[in-house]
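S.K.: Quick one, structure for this:
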Amino acid sequence: MRRNGPPDPAGDRHWSDSVRFAVGCALVFCAMAMLVDWDAGSLTPARALLWAALSNAMCAVLLPPRVSAGPGWLAVRTPWRRRMVRTDALVTVRQYDGASAHLVLRDIRGNRLELDPRVLTANPLIWHELDTGVRRSVERGTLRQGAEVLERLGRRIDDETAEAVLRLSGLS
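M.R.: Numbering: from 1, shown residues only. This next block holds a predicted model:
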């Protein structure tokens, strides 16, 4: 039986798979580096420590940020810090395209976060929380720049979702 209270925040449902991939890559790198070094006869405790440190650095670089959302907020957590914005009090939304496309959201308190739009595409619950908050920002008049960016993103997410449903149902 579930207690009455605030709903659980929506989280990135692919995050744990990405973490496993990052850790796996780092472990394979560490094992291969030590194996090659051992085979060459040059593996020492200091070099083993170096390979382990490089593997940890590789894992930290590959770790994806953890995205979660709830009523009126969106948060992105990295290994080093947590950024959070009020989605119901957004001021600007910008999208940067290119090799590393990302959205930049800023709220009235000056909080800012960067987010990969693919996270929103892959997680409809996070997208729903963001979209609901953006609608409140528009109603309140705080969102001055970027509403069209989110409308385009919403249409793209809707199109991809409809296409996936048709493909799964065999109609496409």
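
S.K.: Can you check my assumption that residue 43 lies in a strand?
M.R.: No - applying DSSP: H, G, I helix; E, B strand; the rest coil, one finds residue 43 to be coil, outside a strand.

S.K.: Contacts only, for the nearest residue to it once chain neighbours are set aside.
M.R.: Excluding the flanking residues, the one nearest residue 43 by Cβ to Cβ, 6 or more residues apart in numbering is residue 37, at 4.2 Å. C-beta here means a position set from N, CA and C on the backbone, and glycine is covered the same way. The contact partners of residue 37, by Cβ atoms under 8 Å, 6 or more residues apart in numbering, come to 43, 47, 48, 51.

S.K.: Could you list which residues are in contact with the second one?
M.R.: The neighbourhood of residue 47, defined by Cβ under 8 Å, 6+ apart, consists of residue 37.

S.K.: Just the element for it, please.
M.R.: Using DSSP states H and E, residue 47 sits in helix 45-62.

S.K.: Which SSE is immediately downstream of that helix?
M.R.: Next helix or strand after helix 45-62 toward the C-terminus (DSSP H and E): strand 66-70.

S.K.: in the helix holding residue 47, what counts as buried?
M.R.: Within helix 45-62, the residues that count as buried by 16 or more other Cβ atoms under 10 Å are 51, 55, 58, 59, 62.

S.K.: Since that was my last question, I'll sign off now.
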